[in-house]
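Novice: Provided below for reference: sequence and predicted model.
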Amino acid sequence: MPVPPVLSLVTLGVADVAASTRFYEALGFPLSSASVPGEVSFFRMTGGLLGVYGLDALAADAQLERGTYTGFRGATFAVNLASREAVDDAVAAAEQACARILKPAQPTEWGGYHAYFADPDGHAWEVAHNPFWPLDDAGLPRLSE
């Protein structure tokens with residue numbers, strides 16, 4: 001199975017999660033109750049989600065260095081999948097397409113399962129199964145409003 005062409009979540013690494021949350025709320029983006037104040041905020045977007053998360057924490061999660069052109073750039077792109085097996089299949093497909101595996105598929109501290117890979121230009125992609133985020137018919141995660 002190839003990696004599905006679905007953009008589930010864009011997570012922006014930010015210096016101050018609370019300030020960024022206020023900014024996006026001021027733009028009119030609805031804050032999801034799935035957010036954790038001061039740690040991570042999620043906003044419903046048409047077709048996907050926007051997340052803001054601490055830059056250093058996000059870089060560490062993807063096992064990237066911060067601040068270099070070839071290292072972490074302050075953002076990751078995510079594809080949420082229905083199962084751990086689908087994550088494994090997606091990582092295999094990415095590797096077959098010559099992606100660089102940044103973090104092998106593994107269980108997460110929050111109860112999910114994920115991996116990271118980089119495209120040829122070094123953009124970081126996460127493929128994840130989150131058992132707490134059901135996927136709709138389009139393959140998009142459903143968060144509480």
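Specialist: Alright, I've got the coordinates.

Novice: pLDDT score assigned to D56?
Specialist: If you check D56, the pLDDT there is 87.

Novice: residues in contact with the longest helix anywhere in the chain?
Specialist: When the chain is parsed with DSSP state H, its longest helix is helix 84-96. When contacts are defined by CB atoms under 8 Å, 6 or more residues apart in numbering, helix 84-96 is touched by residues 1-4, 79, 81, 101, 104-105, 113-115, 117, 125, 127-129. Quick note: C-beta positions are derived from backbone N, CA and C, even for glycine.

Novice: the helices in the chain, which residues?
Specialist: For the chain, helices defined by DSSP H occupy the ranges 17-26, 55-61, 84-96.

Novice: Export these to a markdown table and append columns for mean neighbour count and distance to D137.
Specialist: Formatted as a markdown table, these follow (neighbours: other CB atoms under 10 Å; distance: least, CB to CB, whole Å):
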| stretch | mean neighbour count | distance to D137 |
| --- | --- | --- |
| helix 17-26 | 15 | 27 |
| helix 55-61 | 17 | 29 |
| helix 84-96 | 18 | 16 |
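
Novice: P134 is nearest to which of these?
Specialist: Comparison of those against P134 by CB to CB identifies helix 84-96 as nearest, at 14.1 Å.

Novice: which residue ranges form the strands in the protein?
Specialist: 9-14, 40-45, 48-54, 75-80, 100-107, 113-118, 124-129 (DSSP state E).
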